[in-house]
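Engineer: Have a look at this fold, sequence not included:
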């Protein structure tokens, strides 16, 4: 099992930026597909972005062009750069990992962080 720890959340004004980090404990991190999901109050968890072990990326339409997912295998860390933030981006953001193929479904991810709150204000 991989331990994942997120950081970087906080309060930001609409139009601003934040960068989330997700540090992993796995020695085989470089082989993992990593993803970010988010859950707003009263809503279901939704997919945000994923990055494969080889660096391939995929984004939800709602964040495409604004968010960038990246990874640093030497640091066993995944990042989510969030730009042009909107009120509707307010949510708890969680990173997730899997040793299998990338997926948009949260049920396909085995390991999860505790989540970090992102609040966008007007």
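Structural biologist: In hand now; what should we look at? Keep in mind that what you see is a predicted model, and the values were worked out from it rather than measured.

Engineer: Flag the shaky bits of the chain, pLDDT-wise.
Structural biologist: Within the chain, no stretch has pLDDT under 70.

Engineer: again, 80 this time
Structural biologist: Within the chain, the stretches with pLDDT under 80 are 1, 26-27.

Engineer: what's the residue closest to the geometric middle of it?
Structural biologist: residue 36 (2.4 Å; Cα atoms, centre = their mean).

Engineer: Next up, the contacts around that one.
Structural biologist: Counting by Cβ atoms under 8 Å, 6 or more residues apart in numbering, residue 36 touches 20, 22, 48-50, 69, 78, 80, 93-96. Every residue, glycine included, has its C-beta placed from N, CA and C.

Engineer: Just the ones of those in helices?
Structural biologist: Using DSSP state H, no member of these falls in helices.

Engineer: from these, which is closest to residue 115?
Structural biologist: Ranked by distance to residue 115 (Cβ to Cβ), the contacts of residue 36 are led by residue 94 at 4.3 Å.

Engineer: any idea how far residue 5 is from that closest one?
Structural biologist: Distance of residue 94 to residue 5, computed by Cβ to Cβ, to the nearest Å: 11 Å.

Engineer: intersection of neighbour lists for these two?
Structural biologist: Common contacts of residue 94 and residue 5, defined by Cβ under 8 Å, 6+ apart, comprise 113-114.

Engineer: Those two - which one has more neighbours?
Structural biologist: residue 94 (23 against 14; other Cβ atoms under 10 Å).

Engineer: mind listing what that one touches?
Structural biologist: By Cβ under 8 Å, 6+ apart, residue 94 lies in contact with 6, 36-39, 45, 112-116.

Engineer: Need those residues in a markdown table (columns: secondary structure).
Structural biologist: Rendered in a markdown table, the data for the contacts of residue 94 read as follows (DSSP: H, G, I helix; E, B strand; the rest coil):
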| residue | secondary structure |
| --- | --- |
| 6 | strand |
| 36 | strand |
| 37 | strand |
| 38 | strand |
| 39 | strand |
| 45 | coil |
| 112 | strand |
| 113 | coil |
| 114 | coil |
| 115 | coil |
| 116 | strand |
